[in-house]
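Colleague: Take a look and give me a structure for this.
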Amino acid sequence: MKYTVSIEIALPREKAVQLLTDPVHLPKWLRGLVLHEPISGEHGHLGTRSRVVMQMGGRRIECTETITRREPADLREIPKTSVVHFDREIVGEGMWSVVRERLTEAGPETTLWENENEYRFSGFLMKLAGLLMPGAFRKQSQQHMRDFKAFAEQGKDVRETTD
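Modeller: This is a model prediction of the structure:
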């Protein structure tokens with residue numbers, strides 16, 4: 001299963017990238033995050049492996065995330081013509097996923113965040129979920145992006161909402 005989602009953020013790209021990559025901010029916009037800790041490497045850097053635990057409804061999901069691409073490596077003073085790339089491989093029980101993120105300048109004060117996702121499932125239940133509910137995965141990705149936009153633009157913290 002593959003899909004792409006995108007959103008515009010009313011911030012300069014460098015500021016949006018800094019907020020997106022700072023691990024301190026993850027719980028403020030990544031709804032359901034219980035834990036995101038490096039197993040090896042430095043958070044967000046190429047080759048880093050992290051343990052990620054999410055709570056989704058009554059289900060707790062644990063997986064391993066590996067950063068497979070981060071360009072440019074130095075996220076300060078990004079050249080205007082550069083595209084920022086973050087690629088991650090995520091492996092959990094019955095699931096393998098690749099997320100390819102691109103952040104580009106849509107304008108001097110606006111960032112376009114594109115998120116390309118690919119999922120493969122193993123095991124009967126995960127294959128069934130992927131077959132019967134493909135829209136749920138896209139919807140979740142869009143929700144994370146909207147939550148980040150609200151955090152970045154307005155300072156909203158998902159831990160303080162009831163929806």
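
Colleague: any weak-confidence spans in the protein?
Modeller: Where the chain drops to pLDDT under 70, the residues are 130-132, 134, 162-163.

Colleague: residue at max distance from the center of this structure?
Modeller: The outermost residue of the chain, judged by C-alpha distance from the chain's mean C-alpha position using Cα atoms, centre = their mean, is F124 at 26.1 Å.

Colleague: Next, the buried residues of stretch 14-27.
Modeller: E14, A16, V17, L19, L20, T21, H25, L26, P27 (16 or more other Cβ atoms under 10 Å). (C-beta placed from N, C-alpha, C; glycine too.)

Colleague: sorry, back to before: ok, the residue farthest from the centre of the chain - contacts?
Modeller: Contact analysis of F124 by Cβ atoms under 8 Å, 6 or more residues apart in numbering lists nothing.

Colleague: Distance-wise, check it relative to I9.
Modeller: Shown here: F124 relative to I9, a distance of 39 Å by Cβ to Cβ, to the nearest Å.

Colleague: My read is that S82 contacts L75, right?
Modeller: No: with contact defined as Cβ atoms under 8 Å, S82 and L75 do not form a contacting pair (10.2 Å).
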